[in-house]
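**Q** Sequence and computational prediction follow.
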Amino acid sequence: MSTDQCISRRKALQSKIIDGVAILFNAKEVTRNSDCHFKFRPDSYFHYFSYFPEPEAVIFILAGDKPRSIIFCRPKNPELETWEGFRFGPDEAKEQYGFDEAYSIEKINEIAPKIIAQFKSVYTPADADQNSQSQIQSWININKKQKRAGVRTPEMMVNLSHIADAMRVVKSESELDVMQKSANIAAKAHTIAMQKTKPGLYEYQIEGEILNQFMQLGAKEPSYQSIVAGGINACTLHYSANNSKLVDGDLLLIDAGCELEFYASDITRTYPINGRFSSAQKTIYELVLASQKASILEVKPGNSFNKPHETALNILIQGMVDLGLCKGSVDEVLEKKLYRDFFMHRTSHWLGLDVHDVGNYVDNNENSVLLEKGNVLTIEPGCYIKPSETTPKEFWGIGIRIEDDVEVTNQGNKVLSIEAPKEINEIESLVGSFF
């Protein structure tokens, strides 16, 4: 995506913070062990407003009469670049990423106090790491000590997230294009996983097929730890061991998405390991699928964020009562939340630079926010049935979730992950077809 988009975002932010300065720190490299690091991944807020790809970088977005953007980054260092790779350095960072000024990160403690002295308010994300918050406070303290010399100090620290989240939750056309590509890659990986599943393999072997497809198709990273859960493992929502043998007659739940240009996809499919749903598995699958399809229909501008969840929940509860999973009337099960024994999570979350992306779910009056064009959310109802004396034995160990990524359009919605098969006839024709 073009850096022009980041320049436009910075200008939009300047118009919103009026008399303030926004400060955003990029993520730091994280040690894996000894002198080895995990692969670097930028902070999502920092990336959204800069696209600058290096650690140890800070941006200042200045509003007011003379709006401008400043970046501090690592200086050029030919010796270190021999070992660690190319560095932009301040001059190239300014040129390539559209900043008005650029300095070495080594000068930040000298220059930053002078920058913030010009403003009443400092804006930074409330969840910024403690070191970043402490560094900003140290600059404020420097200015406080020079108060008698006429040096001004910002009057308040303001949470930038409220403003930035409202921007990030509405995606641009270029963002939606990348998210579509990310979903296409993840959908292809799920299809290959189905084709290469058979009894006797291990969960991690299927995970390997998924990760291979991600990389083969240009997405170098998963957007989160893949869940590949056979049998009763699927009843653990965030199962991550992925080390059990796949058993003939069990279901396999795969919750896996990739990250493309740092934008996440998030898809879940559940299917029989031997390629054929049992009667009980089919019954629960059809219930979850019906709830998901009805829920997707409620994704449209003007509907509340909670409407898809309410729709899915009502269908699931009716099914749970009909199948004897829940005792009592539909209203009673809803009021007493008895359904939570089998469906204990929400149907949706925002999707974007983070798999659980930023954005409010309720407004200032605690009402569910309204969906608008450019939102992207997941639709992922499920049903998880652990062995219990109070539930029919035929359903024991069945865990099913079906998840799609859905864009809100002008007239309704677009399912970005539509290429991932979920109809029973599609699934049964695909599973194990590689062999």
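**A** Thanks, I have the structure now. Source: prediction; values computed, not measured.

**Q** how does the protein divide into domains?
**A** Domain assignment for the chain by automatic domain parsing gives 3-168, 173-430.

**Q** Just name the most buried of those domains.
**A** domain 173-430 (a mean of 19; mean count of other C-beta atoms under 10 Å). Every C-beta, even on glycine, is put in place using the N, C-alpha and C of the backbone.

**Q** Give me the mean pLDDT for it.
**A** Average pLDDT, domain 173-430: 98.

**Q** swap in stretch 45-60?
**A** For stretch 45-60, mean pLDDT rounds to 98.

**Q** Relative to the whole chain's centre, how far out is it?
**A** 18 Å (C-alpha atoms, centre = their mean, to the nearest Å).

**Q** measure that stretch end to end?
**A** One end of stretch 45-60 to the other measures 13 Å (C-alpha to C-alpha, to the nearest Å).

**Q** do stretch 332-343 as well
**A** 16 Å.

**Q** Contacts for that stretch, please.
**A** Taking contacts as C-beta atoms under 8 Å, 6 or more residues apart in numbering, the residues outside stretch 332-343 that touch it are 313-314, 316-317, 320-321, 325-328, 381-385, 388.

**Q** For the residues you listed, work out which two are farthest apart.
**A** Pairwise distances across these peak at 23.3 Å for N314 and S388 (criterion: C-beta to C-beta).

**Q** re the thing from before, mind checking which of the contacts of stretch 332-343 land in strands?
**A** 382-385 (DSSP state E).

**Q** Would you map the strands across the stretch 51-200 of the chain?
**A** Remark: strands assigned in the stretch 51-200 of the chain by DSSP state E, counting those that start in this stretch are 58-62, 68-73, 101-104, 121-124, 156-159.

**Q** quick one: terminal-to-terminal distance for stretch 324-333?
**A** Start-to-end span of stretch 324-333 (C-alpha to C-alpha) is 12 Å.

**Q** ok, now stretch 297-305?
**A** 12 Å.

**Q** With stretch 77-90 instead?
**A** By C-alpha to C-alpha, the extent of stretch 77-90 from end to end equals 12 Å.

**Q** which residues are in contact with it?
**A** Outside stretch 77-90, the residues touching it (C-beta under 8 Å, 6+ apart) are 52, 54, 71-76, 96, 102-104.

**Q** again, 7 Å this time
**A** With contact meaning C-beta atoms under 7 Å, 6 or more residues apart in numbering, stretch 77-90 is reached by 54, 73-76, 96, 102-104.

**Q** again with stretch 2-11
**A** With C-beta under 7 Å, 6+ apart as the test, stretch 2-11 has contacts from 48-51, 61, 69, 97-98, 167, 172, 174.

**Q** what does stretch 170-177 give?
**A** Outside stretch 170-177, the residues that reach it (C-beta under 7 Å, 6+ apart) are 1, 5, 179, 263, 352, 372, 374-376, 407.

**Q** tell me the contacts of A280?
**A** Each residue near A280 by C-beta under 7 Å, 6+ apart is listed here: 394-395, 398.

**Q** can you do 6 Å?
**A** Counting by C-beta atoms under 6 Å, 6 or more residues apart in numbering, A280 makes contact with 394-395.

**Q** Would you verify that it is located in a helix?
**A** Yes - using DSSP: H, G, I helix; E, B strand; the rest coil, the assignment for A280 is a helix.

**Q** From M344, how far out is it?
**A** According to C-beta to C-beta, to the nearest Å, A280 stands 21 Å off from M344.

**Q** In space, what's closest to the spatially most central residue of the chain - neighbours in sequence excluded?
**A** The centroid of the chain falls nearest to V355 when counting by C-alpha atoms, centre = their mean (1.1 Å). Leaving aside its sequence neighbours, V355 sits nearest to A264 (C-beta to C-beta, 6 or more residues apart in numbering; 4.3 Å).

**Q** For that neighbour, name its beta-bridge partners.
**A** Here A264 sits in beta bridges with E259, going by DSSP bridges.

**Q** Return the distance of it relative to A256.
**A** As judged by C-beta to C-beta, A264 and A256 stand 11 Å apart.

**Q** of the contacts of stretch 170-177, closest to Y202?
**A** Using C-beta to C-beta, the contacts of stretch 170-177 come closest to Y202 at Y263, 30.3 Å.

**Q** so what's the closest one up against?
**A** Contacts here follow C-beta under 6 Å, 6+ apart; on that basis Y263 touches 178-179, 182.

**Q** Let's see that with 8 Å instead.
**A** Contact analysis of Y263 by C-beta under 8 Å, 6+ apart lists 175, 178-179, 182, 352-353.

**Q** okay, the strands of the stretch 51-200 of the chain in a markdown table with distance to Q225 next?
**A** Putting the strands of the stretch 51-200 of the chain into a markdown table (distance: least, C-beta to C-beta, whole Å) gives the following:
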| stretch | distance to Q225 |
| --- | --- |
| strand 58-62 | 29 |
| strand 68-73 | 30 |
| strand 101-104 | 36 |
| strand 121-124 | 29 |
| strand 156-159 | 29 |
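
**Q** helix/strand/coil for N425?
**A** Strictly by three-state DSSP, N425 counts as helix.

**Q** That one and K282, how far apart?
**A** Relative to K282, and taking C-beta to C-beta, N425 is found at 11 Å.

**Q** Also V158?
**A** 54 Å.
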